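Q: curious how this folds, go ahead:
(chains A and B)
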Amino acid sequence: MDHSTHARVDQPLTPLETRLAALRGGAAARNMDARALAALAANPGCDRRAVLDAAGVDKAALATRLGSPATFGQSPFAITRGLVFERRLRAERCAELVALLRTELLPEATAQSPVEVPDLLPSEGPAVRAARTRVALAEATANAAAGRAWTLLDRPLLRLDVAGSTVSLEPDAIVIGPDGRWTVVEIKSFPILDGSADPTKVGAAARQAAVYVLALRTTAAALDAAAATAQIGPGLVHPRPGTGPAARPHPSGASADVPGADVPRAAAHAAADAVGSGLSPADATTPAAPRLPTAVGLPSAATSASAATPGAGAVAAGGTASGGPEAALPAGAAAHASPYAEPVGLAAAVRTTGLLVCPRDFSNVAVAAPLDLRKQLAVTRRQLARMTRIETLLAALPETVRLDEAPEAVDTLAHAYAPECLAACELAFHCRTQARAAGAVEVLGRGVRGELGSLTTVEAALEATAGDGALARAARLREEALAR
Amino acid sequence: MSLLTTLARLEAVRAGVAQPLATVRHRHLAERPFVLVPLAAAGETGAPLAVLLGQDRENPRLLTVPQPLDRDLRFAFLARLGDELLPYLESFGADVELLERSVKDPESGEKTVEVRELCADAPQLVVPNPGAMELLGLVGRSTRFRRTAEDVDPGPYPVPARVPLLGRWLTHLSERSNVPGSSLLLPLTTTLSRHWATGQSSLEDAHLGALLAWIAPPPGERGERAASRAENGRDERGRLLVPPAGPATDPAFDSLLLSPAVTRYDAARAAQDERLTRARAEEIDALLESVLLPVWHQVWQGVDLLRTLPPAAHVVERWESDRWSYTGHRDRVAAGEPPQPLRDDAVTAARKLAQREREQVRLDLEEALDDPLAMAEHRLAGQAFAGEVVEVLPAYDTSGRSPKPRPLVTVRTEDRPHLDPGGEVHRAAGPAAQRAELVQLDAEAGLLTLRLLSGMGRKKEPEPGTVPEAGEQVCFTLFELSARQSAPLPEPEDTPWTHGGPPR
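A: Just a heads-up that it's a prediction; the model follows:
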């Protein structure tokens, strides 16, 4: 196994990171997890939360310093129960989880194929772990393509850029099936009772899983890009599906009509080896074959066109790569441009259906259920894309401020309080006090804000009852009814 | 949320105290309700931790499970809960009214009189919030299928005798609570929020302490301050001043106090020291009582607040539906029917959904008829209007064999109903059901001329009192004032096989 990524260590801090570290006052950064990210995506207009989360500030401690401590926390009983459940699933190289996934995810024919559970170096630093995860993903994809084996990545680490700062995310597990598709597995300790579960909790799990899918797609796009640059190096010619080191009949059959076996195998080897671990990212990773040979420079939309026309595919195959940079990079860019664009390239291998693993009924026995993430995915992607960049938000804060010394400096960052924050943010009580002091109608609920339109304060709304609008009529009716 | 509710909330923010959302009480409240404040063990589904219960507000009974993970202890707890609850639930079964109705024999067509029993009263459980209701439902689900030592095949883990029966009752009560307007199992926060608008969001209203702080703040204190203290005020030891109303306990309480106490209890049990085990269990009892008692008093305070409102006119009718529901379950238990299934079959599910829809419509109608504040919602929406009768002109329909009264009534109103001439309206709070149609509309002056179409008797002249007089206040709605019956479901033999009918 190629562990060359070990050589890579955490890079020196960027100016932004230095600034954010100063904001924390030197305290250790709290890792922004998918839960926080999902909460942030639910309220993307909140500058305060965006900055605090990006800086990794301990919001609970900050809230205490501000005098409105949060009432968050998890009971030790619930934590123990959750841990016991997870530990059971992960015991003996995830034996129970694997058994469950076999029955849930895999077609019967491949049920007996071998399972890899690679070591993901859980005790290393985040940069190493992220790199190791990337390599493991590449290997797993190649394995799946070659031997129809499948891989379970136990607690991988993914990186995602959010509003200009990098976030490390740790999904519970990722499965790379023999069909080359990647599935996010989310382990939760709430029960699936008689086939259904608490919709709020399932929703929260789905939002988290959606964040992981986004991070996986980014990772996949990066793998594509890496493969592409590696191929440009030796240049000239690129391997076409089936000619890499893991030569085999193409499973999808989509490229069967592509001739052009005049590709030098040596170059193909060189290209694939340069990626690091025998990765041939292009082939067979996606059952729908979204990455068919494409002519250089063609936008991704042309991909399907060339797939549809054998002739065009043949022409393209002669001169371009199955993992050409043009195929992958614009695709990644397009994903950022439109939240509804379908991913292409390796990113399309990530399934939009996650797998929720929970205890069944009142027992400790695990049961898995598919979880449709498409809606959460679209929402989260859109919300994350429209977040203001952290640098812009930081401009509101004085350069030298430290939140551990001057917690009230947080007030210079605008908040977007809504009652939903109370369940998702440690600072909610503080923001609520401020929103109430400002007389904002949001304290009554987001719906109220929409209902009252331009009347943004309680005072203004109550003044409007003296006028001649709907509110005034409502006030008269109310008065009349109460007078009786 | 409607604009009127929003307005009430805005007023509450200004006043610093909750504002009325109803002028009458829309739910039945028993003379002596059975209050139940349950706590759940964190992390375990449907595992009770403790319950404070009873009908006597001065003398609640406390039941606890010292180690919630121990299933024997859990079922012993449930057996004791059954001992407390089942006698109360069953006590209403004996006192019945006999109702007669004539039934037509489908074959001979003969009419026979059928006598049916209807229990004169039914039990009422009051719990703090919907969470407590869910917990009771979960306990019902986890116990109603258990086998007992008395069964023919008791299985490896028999439970005490009456536990499955308790599960069936709890399942029935929590099923019934899904029916709009039902009151067999009453969650307090929801009921209070129906009658009062606080100056906070509906999410925050789910906290019983905060809700009560808004409705009845301490003298001289504004609601938001009192509510905020109820939500997260802590004493010097980090305990919440107002413990949450459950069923989840405060995580800080769990880690600071409960978890160590349970550990000590486990140790004493492992050492097989009976005296010490008992002492440790009593410690846990005291801990749990300390967080349950404040909630107990809150629940009774909430009940008192609800009692300050006079009951709405239609509450008795809806309570009768609850009594039917109770009687039906009593009969099913007596007939030895099996426990409620995990999933309803298609026909039962369709029936239940239809019933809930029908009851929702009925509830909305009845609340509007009982409560001018509820009717105001419809008037604001243009679905009703109220005003003073300014003129009544006698008129007749002479098209038939004998003339029929069709008086013209002109009403002055400030409301703006979405109504065109020819449109049909229904008189609310009239002496009888009465239809009318709009003849003429003068929007400028707010004058509506209506022709009454029914509800005036069979004679040529209307029965006295059936036609409003000039100067009288009237209210008409654009919607019908009785819930429509949904089309009947087909007979079992005509039900398609896809929906559980016989194979074709």
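
Q: could you list the buried residues of stretch B:78-93?
A: For stretch B:78-93, a neighbour-count test (16 or more other C-beta atoms under 10 Å in any protein chain shown) marks B:Leu78, B:Ala79, B:Arg80, B:Leu81, B:Gly82, B:Glu84, B:Leu85, B:Tyr88, B:Leu89, B:Phe92, B:Gly93 as buried. All C-beta atoms are positioned from the backbone trio N, CA, C, and that covers glycine.

Q: cool, and stretch B:303-322?
A: B:Val303, B:Leu305, B:Leu306, B:Leu309, B:Pro311, B:Ala312, B:His314, B:Val315, B:Arg318, B:Trp319, B:Ser321, B:Asp322.

Q: show me what the longest helix seen in chain B is packed against.
A: Assignment by DSSP state H gives helix B:274-307 as the longest helix of chain B. Helix B:274-307 makes packing contacts with strand B:34-40, strand B:48-54, strand B:61-64, strand B:125-127, helix B:188-195, helix B:208-215, helix B:259-270 when contacts are defined by 3 or more C-beta pairs under 8 Å, 6 or more residues apart in numbering or on different chains; DSSP states H and E.

Q: what's the nearest residue to B:Gly246 if we skip its chain neighbours?
A: Spatial nearest neighbour of B:Gly246, chain neighbours left out: B:Leu39 (4.8 Å); criterion: C-beta to C-beta, 6 or more residues apart in numbering or on different chains.

Q: before we move on, back to that, who's in contact with whatever helix or strand comes next after the longest helix of chain B?
A: Downstream of helix B:274-307, the first helix or strand assigned by DSSP states H and E is helix B:315-334. Residues outside helix B:315-334 that contact it (C-beta atoms under 8 Å, 6 or more residues apart in numbering or on different chains) are B:25-28, B:90, B:92-93, B:96, B:117-123, B:165, B:168-169, B:172, B:176, B:179, B:181-184, B:359, B:362-363, B:366, B:370.

Q: quick one, which of those are buried?
A: When the contacts of helix B:315-334 are checked for burial by 16+ other C-beta under 10 Å, the buried set is B:25-28, B:92-93, B:119, B:122-123, B:165, B:168-169, B:172, B:176, B:179, B:181-184, B:359, B:362-363, B:366, B:370.

Q: among the residues you listed, which are located in strands?
A: Counting by DSSP state E, the part of the buried ones among the contacts of helix B:315-334 found in strands is B:Cys119.

Q: how far does the longest helix along chain A sit from its chain's centre?
A: Ordering each helix of chain A by length in residues (DSSP H) puts helix A:199-232 first. The chain centre lies 5 Å from the centre of helix A:199-232; the measure is C-alpha atoms, centre = their mean, to the nearest Å.

Q: now do the strands in chain A.
A: Under the criterion DSSP E, strands of chain A are mapped to A:115-116, A:150-154, A:158-162, A:165-169, A:173-176, A:182-187, A:353-359, A:366-372.

Q: quick check: which of those is nearest to chain B?
A: Of all the strands of chain A, it is strand A:353-359 that lies closest to chain B, at 7.6 Å by C-beta to the nearest C-beta.

Q: now for that closest one, which elements pack on it?
A: Applying 3+ C-beta pairs under 8 Å, 6+ apart, we find strand A:353-359 packed against helix A:76-105, strand A:182-187, helix A:199-232, strand A:366-372.

Q: deepest of these, which one?
A: Comparing these by mean neighbour count (mean count of other C-beta atoms under 10 Å in any protein chain shown), strand A:182-187 comes out on top with a mean of 25.

Q: that one and chain B in contact?
A: No: on the criterion C-beta under 8 Å from any C-beta of the partner chain, strand A:182-187 is out of touch with chain B, staying 14.3 Å away.

Q: now what about that strand, what contacts it?
A: Strand A:182-187 is contacted from outside by A:85-86, A:89, A:97, A:101, A:105, A:137, A:171-177, A:205, A:208-209, A:212-213, A:216, A:220, A:349-351, A:353-358, A:371, A:373, using C-beta under 8 Å, 6+ apart.
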